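1. Any chance you can model this:
(2 chains)
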Amino acid sequence: MDELLHIEGVSGGYGPVTVLRDVDLTVSEGEVVVVLGANGAGKTTLLRAICGEIATQGTLRFDGSDLPRAPERVARVGIAHVPQGRGTFSELTTEENLRLGAVLRKDSEVRADIDHWCEVFPRLGERREQAAGSMSGGEQQMLAIARAMMLRPTLLLLDEPSLGLAPLITKDLFERLGRLNQEDGLTVLVVEQNANLALDIGHRGYVLETGQVVASGPAQELRHDDAIRKAYLGF
Amino acid sequence: MDFNLFIQFVLNGIGNGAVYGSIALALVLIFRSTGLLNLAQGEMALFSTYFAWWLTSQGLSIFVAIPITIVVSMAGGAVIERMLIRPVSGEGKSPLNVLIVMLGMFLAFNALAQLIFSDTAEPMPKPWPTNSSPGDPVGRSQVVELADIRISWSVIALVIALLIECLILYVLFQRTTVGLKLRAVASNAGSARLVGINSSAMLMLGWALAAGLGALAGTLVAADRGSVSPGLMVVVVVFAFSGAALGGFDSPVGAVVGGMIVAIAEALTIGYVDFLSGIELVVPFGIILLVLLVRPTGLFGRKVVERV
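-> This next block holds a predicted model:
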């Protein structure tokens, strides 16, 4: 498998506060990579570092070239980011949100893609003209993912998709993500507290602790590592 | 009550309301992208208006001067955003910084207009039909008579200008991709960047639009009053602020409706409430106070319903 995202020795944070310390991480094409860790471990910061939302030191390469250091230019290289809290445009309709996901695309299939995602997520199809902010948490999370997919991304970054969702909806969401990976070959880097669900669809995983990678390996190994199970998986 | 006279007062109000509405629209455009009221909006427009006068004093027709002024002002608005606003705004910086810069611009543009162009009242030609009148270099607005009602061409022209502005903004915001991007940045700047929108370009565009609107409104109000003077925009902008507050600072429709309500209230007060003559400013503010007590987001302002 070709290496898509290559992170080496990356540190970064907010102003004088360093959150990430010397992080190494790779994501290969077609993989689902899971980043686990407690609150405050730096998971969200890691995704923000990839997107150029915060200043970083170290090597961040994507598909062989250096990653640009501004979010709008990271989107141009084919990385879509579903931020924590979903980041939908509350005042705009479902359809407008989806159109905005494809704002960088120049092809003529945007309309067809909107129809496609409204079929994949029928709840969105029923709410095409509804303001995103008035939809339920689960619907908004689906919208956020569909909007990210409208970019036709090479890599999808997901920040805690389960946050604030009911367990059944979370389960459904991860099943859909797993299918997108298996059927469409979507590459995903997902940050998640709900380690079980994430490891179900993940190929490999990393464990972050106070901004450092403390463990990494195939999903099944992480799942059966006693220390990790106790600390993060809760069983 | 003399019904014709009442209509006459309302018509006067509508003419002013078109101007207040235009400036309020400009305020709303900037508020939606920065979350701040552009204190300098009126004085930016004053500078543009003096520029338009200067063009006419060089022999240009007012019909040529207005489009040139709008284009130059839009470029100026974009430059202001990039050179003055952007360096002091951004994540982690207090919005008060921007407010202080706006305050500085408020003082600077008035002074610069006087320094560069003129510090006295200068005649502004009317871009609508006029009759010449002795002692009045720009003439008086012609009047259209409908039944017993006399409508000044200035009211017609101001309303037409407002309608054209609204149409252009509606098409831009609701029917174009650029407009969708502008709304996305106003709604969630961080997410807008994540989907690949160059939000700084959109901010510049917002300032350019606001400056262009202000330029048109300033020139037309000067033409209506017959002249441009350094104090021209002071009262206008106070009413525009009130109109925007009444309509809701995030609502373009609210800006126009709010501007109209404030102006008609002003006109009727001048017409009917003798003991308030001279301080008729208090009436629109009284109305605003009442409305905001009942609806703090303004008449059209949306309290965004957000489910989590």
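
2. Please count neighbours and contacts with C-alpha atoms only from this point.
-> Fine.

3. Might you list the low-confidence residue ranges for the chain?
-> In the absence of a named chain, this looks at chain A. Where chain A drops to pLDDT under 70, the residues are A:1, A:232-235.

4. hmm, I had chain B in mind actually
-> B:1, B:303-308.

5. need the helices for it, in chain order.
-> B:3-34, B:41-57, B:62-80, B:95-116, B:153-175, B:177-187, B:189-194, B:199-225, B:232-247, B:252-272, B:282-294 (DSSP state H).

6. among the ones you listed, which is nearest chain A?
-> helix B:189-194 (4.7 Å; C-alpha to the nearest C-alpha).

7. ok, back up a step: in CSV: the helices of chain B, plus distance to chain A and mean neighbour count.
-> Shown next, in CSV, are the helices of chain B (distance: least, C-alpha to the nearest C-alpha, whole Å; neighbours: other C-alpha atoms under 10 Å in any protein chain shown):
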stretch, distance to chain A, mean neighbour count
helix B:3-34, 12, 25
helix B:41-57, 26, 26
helix B:62-80, 20, 19
helix B:95-116, 18, 16
helix B:153-175, 10, 17
helix B:177-187, 6, 21
helix B:189-194, 5, 23
helix B:199-225, 8, 25
helix B:232-247, 18, 25
helix B:252-272, 14, 24
helix B:282-294, 22, 16
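
8. closest to A:L47 out of those?
-> Among those, helix B:189-194 comes nearest to A:L47, with 11.6 Å by C-alpha to C-alpha.

9. Which residue would be the closest one in chain A to chain B?
-> A:E72 (3.9 Å).

10. Report how many residues lie close to that residue.
-> 23 (other C-alpha atoms under 10 Å in any protein chain shown).

11. Tell me if it really is in a helix.
-> Yes: assigned with DSSP: H, G, I helix; E, B strand; the rest coil, A:E72 falls within a helix.

12. who's in contact with the nearest residue to it once chain neighbours are set aside?
-> Leaving out its chain neighbours, the residue that sits closest to A:E72 by C-alpha to C-alpha, 6 or more residues apart in numbering or on different chains is B:G196, at 3.9 Å. By C-alpha atoms under 8 Å, 6 or more residues apart in numbering or on different chains, the contact list for B:G196 reads A:P71, A:E72, A:R73, A:V74, A:A75, A:R76, A:V103, A:L104.

13. Looking at neighbours, which among those is most surrounded?
-> Busiest of the contacts of B:G196 [other C-alpha under 10 Å] is A:P71, holding 27 neighbours.

14. Was I right to think that residue contacts B:L194?
-> Yes: counting by C-alpha atoms under 8 Å, A:P71 touches B:L194, with 5.3 Å between them.

15. number of nearby residues for B:S133?
-> Counted with other C-alpha under 10 Å, B:S133 comes out at 11.

16. the longest helix in chain A is where?
-> helix A:167-184.

17. Check which helices and strands the following helix or strand past that one sits against.
-> Per DSSP states H and E, the first helix or strand lying C-terminal to helix A:167-184 is strand A:187-191. Applying 3 or more C-alpha pairs under 8 Å, 6 or more residues apart in numbering or on different chains; DSSP states H and E, one finds that strand A:187-191 makes contact with strand A:32-37, strand A:155-159.

18. Give me the sheet partners of the last one and which way each runs.
-> Put plainly, it is strand A:155-159. strand A:79-82 (parallel), strand A:187-191 (parallel) (DSSP bridges).

19. any idea how far B:K181 is from whatever residue of chain B ends up closest to chain A?
-> Going by C-alpha to the nearest C-alpha, chain A is nearest to B:G196 of chain B, at 3.9 Å. Look at B:G196 and B:K181: by C-alpha to C-alpha, to the nearest Å, they are 10 Å apart.

20. neighbours around residue 37, how many?
-> Defaulting to chain A. A:G37: 26 neighbours (other C-alpha under 10 Å).

21. My question was about chain B, not that one.
-> So B:L37, with other C-alpha under 10 Å, has 20 neighbours.

22. Isn't it up against B:F31?
-> Yes: using C-alpha under 8 Å, B:L37 is in contact with B:F31, at 5.6 Å.

23. how far away is the closest residue to B:R183 other than its chain neighbours from B:R32?
-> Nearest residue to B:R183 in three dimensions, chain neighbours excluded: B:F173, at 7.2 Å (C-alpha to C-alpha, 6+ apart). Separation of B:F173 from B:R32 (C-alpha to C-alpha): 13 Å.

24. now do B:A184
-> 10 Å.

25. Also A:L197?
-> 40 Å.

26. cool, B:M204 as well?
-> For B:M204 relative to B:R32 (C-alpha to C-alpha), the value is 13 Å.

27. can you check B:S89 too?
-> B:S89 is 15 Å from B:R32, by C-alpha to C-alpha.

28. Let me see the contact set for the residue most central in space within chain A.
-> Among the residues of chain A, the one closest to the centroid is A:L158, at 1.5 Å (C-alpha atoms, centre = their mean). Residues in contact with A:L158 (C-alpha under 8 Å, 6+ apart) are A:H81, A:V82, A:P83, A:Q84, A:V188, A:L189, A:V190, A:V191.

29. 6 Å instead?
-> A:V82, A:V190 (C-alpha atoms under 6 Å, 6 or more residues apart in numbering or on different chains).

30. wouldn't B:G218 be in contact with B:A45 here?
-> Yes: counting by C-alpha atoms under 6 Å, B:G218 touches B:A45, with 5.4 Å between them.

31. How far does the longest strand along chain B sit from its chain's centre?
-> Ranked by number of residues, the top strand in chain B under DSSP state E is strand B:136-141. Per C-alpha atoms, centre = their mean, to the nearest Å, the displacement of strand B:136-141 from the mean C-alpha position of its chain is 24 Å.

32. Please list the outside residues in contact with it.
-> With C-alpha under 6 Å, 6+ apart, strand B:136-141 has contacts from B:P125, B:T130, B:N131, B:S132, B:S133, B:W153.

33. where along chain A do the helices fall?
-> A:43-50, A:71-76, A:94-101, A:110-120, A:122-126, A:137-149, A:167-184, A:195-201, A:219-224, A:226-228.

34. Pairing partners for the longest strand of chain B, with directions?
-> strand B:130-133 (antiparallel).

35. so the residue nearest to the centre of chain A bridges to which residues?
-> In beta-bridge terms (that is, DSSP bridges), A:L158 pairs with A:V82, A:V190.

36. Chain A against chain B: which residues are in contact?
-> Contact residues, chain A versus chain B (C-alpha under 6 Å from any C-alpha of the partner chain): A:P71, A:E72, A:A75, A:G87, A:F89, A:G101, A:G133, A:S134, A:S136, A:G137.

37. List only buried entries from these.
-> Neighbour-count burial (16 or more other C-alpha atoms under 10 Å in any protein chain shown) applied to the residues of chain A next to chain B gives A:P71, A:E72, A:A75, A:G87, A:F89, A:G101, A:G133, A:S134, A:G137.

38. In CSV, list the residues you listed along with distance to B:V10.
-> Below are those laid out as CSV (distance: C-alpha to C-alpha, whole Å):
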residue, distance to B:V10
A:P71, 51
A:E72, 49
A:A75, 53
A:G87, 46
A:F89, 40
A:G101, 47
A:G133, 40
A:S134, 40
A:G137, 48
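
39. picking that back up, so the residue of chain A closest to chain B makes contact with B:A192?
-> No: at 8.0 Å, A:E72 does not count as touching B:A192 under the criterion of C-alpha under 6 Å.

40. now the angle from the longest helix of chain A to strand A:187-191?
-> 150 degrees (axes from the mean of the first three to the mean of the last three C-alpha atoms, to 10 degrees).

41. Which strands or helices does helix A:167-184 pack on?
-> Of the remaining helices and strands, none touches helix A:167-184 by 3 or more C-alpha pairs under 6 Å, 6 or more residues apart in numbering or on different chains; DSSP states H and E.

42. Go through that helix and flag the buried ones.
-> A:I169, A:T170, A:L173, A:F174, A:E175, A:R176, A:L177, A:G178, A:N181.

43. Just name the closest of those residues to B:D274, please.
-> Among these, and counting by C-alpha to C-alpha, the member closest to B:D274 is A:I169, at 66.3 Å.
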